[in-house]
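**Student:** here's my sequence, what's the structure:
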Amino acid sequence: MRNRLYETLDYETFFREYRNYLKKLDGDLSEVVEVVYSKRVCLMCYEADASKCHRSILAEEIKEAGVKVDASNGRSSLEIKHL
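**Tutor:** Coordinates of the predicted model:
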């Protein structure tokens, strides 16, 4: 998957395939979700452009898999920031 991205630079296809890959992991993300909601976690990336970072896709999938809502504002308690 990654090698094809390097050859084609087609991020749209890469991200779609990466999302599909993560969905196939099914319960394997549950451990990650558990840690994310119990401790302070930071996913690091060296991409100059956050829109090309596959970790943002992972963060979104973690957020969806473990949706916990903050009662004070009705939003997910997991915040994703690109610095």
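**Student:** residues contacting stretch 3-21, please?
**Tutor:** Applying C-beta atoms under 8 Å, 6 or more residues apart in numbering, the set of residues contacting stretch 3-21 from outside is 1-2, 51-52, 54, 57, 61. For every residue, glycine as well, the C-beta is placed using N, CA and C.
**Student:** for the longest helix belonging to the chain, buried residues please.
**Tutor:** Counting by DSSP state H, the longest helix found in the chain is helix 11-25. For helix 11-25, the neighbour count (16 or more other C-beta atoms under 10 Å) marks 14-15, 18, 22 as buried.
**Student:** what is the nearest of the residues you listed to residue 82?
**Tutor:** Closest approach between these and residue 82, by C-beta to C-beta: residue 15, at 15.0 Å.
**Student:** how near is that closest one to residue 57?
**Tutor:** Separation of residue 15 from residue 57 (C-beta to C-beta, to the nearest Å): 6 Å.
**Student:** do residue 80 as well
**Tutor:** 11 Å.
**Student:** the most centrally placed residue in the chain: helix or strand, and which one exactly?
**Tutor:** Against the mean C-alpha coordinate of the chain, by C-alpha atoms, centre = their mean, the closest residue is residue 58 at 1.8 Å. Taking DSSP states H and E as the criterion, residue 58 maps to helix 54-65.
**Student:** picking that back up, which residues touch the residue nearest to the centre of the chain?
**Tutor:** Contacts of residue 58 by C-beta under 8 Å, 6+ apart are 22, 43.
**Student:** looking at residue 80 and residue 57, which is more packed in?
**Tutor:** Legend: neighbour count by other C-beta atoms under 10 Å for residue 80 and residue 57, higher for residue 57 (16 against 12).
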